[in-house]
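> Based on what follows, work out the 3D shape:
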Amino acid sequence: MNKIDFNIWEGIYKDFSECPKCGEGFSTERWVAQETERINKLKAAIKESPLSAVGYRTSLLPLLIALMAENSKENKVNVLDFGGGLGSTYLLVNSGCIKQGDMSFCIVESEEICRRGREVFKDDDKICFSNCLPKDVRSFDIIHLGSSIQYIEDWRGLMKEFAIYKPGYILLADVPAGKIPTYASVQNYYGSKIPYWFFNTNDIIDTMASAGYTLMFESVCIDKRLGKEQPLPQDNFPQEYRVGDACNLLFVRENI
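All right, here's what the predicted structure looks like:
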């Protein structure tokens, strides 16, 4: 692996309160512009070849929704996508699910992303955007977090809030977790320093168990880092704090 002169993450801290922070992070116009560019490229790719857009990195949620739609008595699936950006996962679900039934898809994001998302999907009533957890929805069938749990300071509390919706499944995708101690670090992002968790996998499993959920499926998450497929670039960390590959964790509600 070629050595890089830029560290995505720096520092090992007990929790977010110890992490040095600066900048607006993912609230900047740069991030919104990147998300807009990403969604436009994905739309173009799907238009050219709908099925080829859903690959091995992006098929877990579409597959789960398709299976739930097929087995649902009401043929309806309600999905909460926490940190879902401008709806790229929603587009992949629509592209990959040949039979998806009646789906509702709620994305929880920052206010600016929500505003832009409502513009992008103004003619689609299956998707909605909210800058907080919905209070007018009693339950969801699936709650999905893609590359987002690591940015939540009180992630344990968030999992308990999710359990109130009694979803059948909670899918955590692209989680920086492994056989390491749980610790906080700082992600460098265009002048911003953003607190970021690295997890011991068992800490997540135990937290989910206390909320009534059991690990059903685990896999390696292979994704592009710094432009190429590789493990999380942590050469600047001691070996015992390096995650290696991120993972996907699917939890199922007990006694459903």
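> can we go C-alpha only for contacts and neighbour counts from here?
Noted.
> and the helix or strand where Glu161 lies, which residues are buried?
For Glu161, the enclosing helix or strand under DSSP states H and E is helix 155-164. For helix 155-164, burial by neighbour count (16 or more other Cα atoms under 10 Å) applies to Trp155, Arg156, Met159, Phe162, Ala163.
> Of those, which is the nearest to Ser148?
Looking at the buried residues of helix 155-164 and their distance to Ser148, the nearest is Trp155, at 9.9 Å (Cα to Cα).
> For that closest one, which non-adjacent residue is spatially closest?
Ile149 (6.4 Å; Cα to Cα, 6 or more residues apart in numbering).
> Does the one you found touch Asp174 like I think?
No. In this structure, Ile149 sits apart from Asp174 without contact. The criterion is Cα atoms under 8 Å, and the distance is 9.2 Å.
> Am I right that Leu67 sits in a helix?
Yes. Assigned with DSSP: H, G, I helix; E, B strand; the rest coil, Leu67 falls within a helix.
> residues near the residue nearest to Trp155, how many?
24 (other Cα atoms under 10 Å).
> Over to it: give its phi and psi.
When read as degrees, to the nearest 10, the backbone of Ile149 gives phi -60, psi -30.
> Which residues are in contact with it?
Neighbouring residues of Ile149 by Cα atoms under 8 Å, 6 or more residues apart in numbering: Trp155, Leu172, Val175.
> Would you map the strands across the stretch 151-256 of the chain?
For the stretch 151-256 of the chain, strands defined by DSSP state E, counting those that start in this stretch occupy the ranges 169-175, 177-178, 183-189, 192-200, 213-221, 224-225, 228-229, 246-253.
> Need the residues that contact the fifth one.
I take that to be strand 213-221. 57, 173-175, 205, 208, 245-254.
> quick check: angle from that strand to helix 155-164?
For strand 213-221 against helix 155-164, the angle between stretch directions is 120 degrees (axes from the mean of the first three to the mean of the last three Cα atoms, to 10 degrees).
> For strand 213-221, buried residues please.
Residues of strand 213-221 classed as buried: Tyr213, Thr214, Leu215, Val220, Cys221 (neighbour count, 16+ other Cα under 10 Å).
> Show the pLDDT at the residue nearest to Trp155.
The per-residue pLDDT reported for Ile149 equals 98.
> cool, Ile46 as well?
87.
> how many other residues sit next to it?
By the criterion of other Cα under 10 Å, Ile46 has 19 neighbours.
> Now do the same contact list for it.
If a contact means Cα under 8 Å, 6+ apart, then Ile46 has Ser52, Ala53, Ser95 as its contacts.
> one more time with 10 Å
Neighbouring residues of Ile46 by Cα atoms under 10 Å, 6 or more residues apart in numbering: Asn40, Ser52, Ala53, Val54, Leu91, Leu92, Asn94, Ser95, Gly96.
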